[in-house]
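Trainee: Dropping a prediction and its sequence here:
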Amino acid sequence: MRVWILSCVCLFLAGCGTTTTEASPESKSVEKIRPVFSADSAYAYIERQVAFGPRVPGTISHVDCGDWLVNELHRHGLYVEVQKGTMLNYAGEDQEISNIVGFFEGSIAKTVLLCAHWDTRPWSDEEESYDQRFQPVLGANDGASGVGVVLEIVRQLALLKSQGELVPSIQVVFFDCEDMGTPTHFTGQERQDTWCLGSQLWAKEYKKAISSSSESQRKIQYGVLLDMVGDAAATFPREYFSVKYAGGYVEQLWRKAYDLGYSRYFTQGQTYYPITDDHYYVNTLAGIPCLDIIDYRTNSRTGFPQWWHTQQDDMRNINKQTLQAVGETVLATICLK
């Protein structure tokens, strides 16, 4: 993803199985019922992806992890297909893409898109050491964390549906080649739109498919993108393009986070930063209102955590409390009427 250098001014549970907890002192009016989300399970999903090594497109680790993700979605009852295609990369060459697309049939007339990118960056180009800049990123947080949270949400929804609970339908997309954008060492003519190649491919195809009568019943109401959602010090401000295209859903989700006592993570300020991430193309090409939950740091040179696009993006940066805050908030929000 990329931060744009731009100055910007800156739901009652129906079904969705629940557990009773104490209300947060932060909001005494909060419902005392919360959907189930297991941070331990999400952590294990992240750890499993990392065990494959860097998931750089074109490598064996990428293929093996992709096979595992397909099987895991199948295991939870999703219809799954791998969307294959090519897009031009930063150097003007064909880049093969494998988006993993799954559909979970819920029990109410509502479909929500949950998405994350599953590839990792081929270069650690934010490393101080020049030699290390050409090493691939392990991507525990930048990639695996969002996928892990989505997998756990789907697992919980499948369990709830099997128990007769009312749950929404979910379109899952794990985007490929999000992190293939122009590396800092490239000296050629930079192309436009070199980041988020997988979401560009998927969004264009979705737009075509949804115009047909056979696909109209699966029209997606809105989407949630999860990107870098595992760090202990994570902060998730309202991002510019999310507010521009999906403002009502942003307000809904950030309000739910506040009600659940997670405003430490989901900051309530009014400053928005425009970030080119997969949600940008879901909004602009597919026409689906989509928000981005992404760890952004106002006190950082890059706008992102210090481990971003370095060799330090490993399991040390994955925190279960943060995973719980994100997963519980998203699960509670998508279960709103």
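Mentor: Sure thing, it's come through. The shown structure was predicted, so the numbers you read here are calculated from the model rather than taken from an experiment.

Trainee: My read is that Phe103 contacts Val173, right?
Mentor: No - Phe103 lies out of contact with Val173 (CB atoms under 8 Å); the separation is 9.9 Å. No exception for glycine: its C-beta is placed from N, CA and C like everyone else's.

Trainee: More neighbours: these two, which one.
Mentor: Taking other CB atoms under 10 Å, Phe103 and Val173 do not tie; Val173 has more neighbours (28 against 18).

Trainee: could you point out which element follows the host helix or strand of that one?
Mentor: Taking DSSP states H and E as the definition, Val173 sits inside strand 169-175. Downstream of strand 169-175, the next assigned helix or strand under DSSP H and E is helix 197-210.

Trainee: Remind me what that next one packs against, helices and strands.
Mentor: Counting contacts by 3 or more CB pairs under 8 Å, 6 or more residues apart in numbering; DSSP states H and E, helix 197-210 is packed against strand 79-88, strand 94-104, strand 111-117, strand 169-175, helix 278-284.

Trainee: hang on, Ala257 is in a strand, isn't it?
Mentor: No - counting by DSSP: H, G, I helix; E, B strand; the rest coil, Ala257 is not found in a strand; it is helix.

Trainee: Just list the residues touching it, thanks.
Mentor: 263, 265-266, 325, 329 (CB atoms under 8 Å, 6 or more residues apart in numbering).

Trainee: Just the ones of the residues you listed in helices?
Mentor: Of these, the ones assigned to helices by DSSP state H are 325, 329.

Trainee: For the contacts of Ala257, pick the one with the most neighbours.
Mentor: In terms of neighbours by other CB under 10 Å, the contacts of Ala257 top out with Thr329 at 27 neighbours.

Trainee: That one touches Leu260, doesn't it?
Mentor: Yes - contact status for Thr329 versus Leu260: in contact at 6.0 Å, counting by CB under 8 Å.

Trainee: So which residue is smack in the middle of this structure?
Mentor: For the chain, Leu226 is the residue whose C-alpha lies nearest the centre (CA atoms, centre = their mean; 2.2 Å).

Trainee: Any buried residues in the helix or strand containing it, and which?
Mentor: The secondary structure element spanning Leu226 is strand 222-227 (assigned by DSSP H and E). Going by neighbour count (16 or more other CB atoms under 10 Å), the buried part of strand 222-227 is 222-227.

Trainee: Show the end-to-end separation of stretch 292-302, please.
Mentor: This stretch, stretch 292-302, spans 18 Å end to end (CA to CA, to the nearest Å).

Trainee: can you list the weak-confidence ranges in the stretch 201-337 of the chain?
Mentor: For the stretch 201-337 of the chain, the stretches with pLDDT under 70 are 213-218, 271, 337.

Trainee: on that earlier part again, which one among the contacts of Ala257 gets closest to Val50?
Mentor: The shortest approach to Val50 among the contacts of Ala257 belongs to Ala325, at 20.8 Å (CB to CB).

Trainee: Wait, Gly148 touches Ser38, no?
Mentor: No - here Gly148 does not reach Ser38: they are 10.9 Å apart, not a contact under CB under 8 Å.

Trainee: In terms of packing, which of the two has more residues around it?
Mentor: Applying other CB under 10 Å to Gly148 and Ser38 shows that Gly148 carries more neighbours, namely 29 against 17.
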